[in-house]
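[1] what follows is a protein structure lacking sequence information:
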């Protein structure tokens, strides 16, 4: 992910923090930092980087990877929507939506050996859900406050970011 400015990065990270909360995945979070690059702004627990476990059968291992892939979908869409809709007061046009979808299809192929037609319903469901959230005016104000806190303090632990999400009624 490329960011245009510090504000752009703060809103992207805020979007990902909101996404983790929405998709009930804050337990996979160690910290957030706007001083890191791209998706590394979110520091995950080792559990998120699941690389296989000889005690799990193949189906369970794939399901674990698939679950983390779904979180990745939510993070990428939330990051983009937060920056485009809240910071820029813009809209997600067809070109941007297709670009997101294609990038997430590539990731789905790499992570879980998924085809586009398998990614499409997941992408559509997450996209629609996040569109409703990032279109809500109250939520937008709360996310603006979160982005401001991120810009000011730069780094938050899981406990600190979840406390902020609760304080701003995001969680």
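    Yep, it's here. Not measured: the values here are computed from a predicted model.

[2] is residue 22 in contact with residue 126, as I believe?
    No. Residue 22 lies out of contact with residue 126 (C-beta atoms under 8 Å); the separation is 9.3 Å. Glycine gets a C-beta too; all of them are placed from N, C-alpha and C.

[3] excluding its backbone neighbours, what's nearest residue 66?
    What sits nearest to residue 66 in space, not counting adjacent residues and going by C-beta to C-beta, 6 or more residues apart in numbering, is residue 112, at 5.1 Å.

[4] what lines up beside the longest strand belonging to the chain in the sheet?
    Counting residues, the longest strand in the chain under DSSP state E turns out to be strand 29-33. In the sheet, strand 29-33 lines up against strand 42-44 (antiparallel), strand 155-157 (antiparallel) (DSSP bridges).

[5] tell me the most buried of the ones you listed?
    Sort the strands paired with strand 29-33 by mean neighbour count, taking mean count of other C-beta atoms under 10 Å, and strand 42-44 sits at the top with a mean of 19.

[6] so where is the protein shaky, pLDDT-wise?
    For the chain, residues meeting the criterion pLDDT under 70 lie at 50-54, 171.

[7] so which of residue 22 and residue 126 has more stuff around it?
    Just comparing residue 22 and residue 126: by other C-beta atoms under 10 Å the higher neighbour count belongs to residue 126, 22 against 18.

[8] can you tell me the SS state at residue 166?
    Following DSSP: H, G, I helix; E, B strand; the rest coil, we place residue 166 in the helix state.

[9] okay, now it: neighbour count?
    Look at residue 166: counted by other C-beta under 10 Å, it has 11 neighbours.

[10] the one 4 residues further on now?
    Here the number of neighbours of residue 170 (other C-beta under 10 Å) works out to 20.
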